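Participant: I would like to see how this sequence folds:
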Amino acid sequence: MVECYLGLGSNLGKRRGNIFQALAYLKQDPAIKVLKISSIIETKPQDLSPQPKFLNAVAKIETSYNAQKLLKRLQQIEVKLGRPSPHPKNHPRSIDLDILFYGDSKIDEENLKIPHPLIGQRDFVVQPLLEVAPELLGTLSRLQKGHFPD
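Facilitator: Alright, predicted model coming up:
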């Protein structure tokens, strides 16, 4: 099992319900164990576009999926909750599920980059992430300065 951190966000429909439903789907998956969930916070869209505010949270999980299989599973959950696939970038969404960290792995593939490349610039991720994993403060500090772990 690999310890991972997932970002969850929603700004369409029943935002809180969308996050709870995504967590329920994660908990139903035998290859995923949800260990801890942050508080849910409300934030403005990052790009300040005229769209509804987001609710955001972070979940700490363990999984037996490899990173690509976990990504595929998260995308399946997004579709179940009404997010089109493919979807336009930076548009309103019923749910957004991102892999923030996958163990100690650094992955740089076309469809998957871990640690998430913008994590250090997103307070809506940093705040809930530090709530569930305060031990990541040093790593996040380096990411905010643009230094990715080797």
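
Participant: rest of the way, CA atoms for contacts and neighbours
Facilitator: Noted.

Participant: next, Glu62: phi, psi?
Facilitator: phi -120, psi 140 (degrees, to the nearest 10).

Participant: which residues does it form a beta bridge with?
Facilitator: Glu62 has the following beta-bridge partners by DSSP bridges: Glu3, Lys33.

Participant: how near is it to Glu3?
Facilitator: 4 Å (CA to CA, to the nearest Å).

Participant: also Phe54?
Facilitator: Using CA to CA, we find Phe54 at a distance of 26 Å from Glu3.

Participant: which one's more surrounded, those two?
Facilitator: Phe54 (25 against 17; other CA atoms under 10 Å).

Participant: so who does the more buried one touch?
Facilitator: Going by CA atoms under 8 Å, 6 or more residues apart in numbering, Phe54 touches Gly9, Ser10, Asn11, Arg15, Glu42, Thr43, Lys44, Pro45.

Participant: ok, the closest residue to it other than its chain neighbours to Gln51 distance?
Facilitator: In space, and not counting its chain neighbours, Phe54 is closest to Asn11: 4.4 Å by CA to CA, 6 or more residues apart in numbering. Distance, Asn11 to Gln51, by CA to CA: 8 Å.

Participant: I appreciate the help and will end here.
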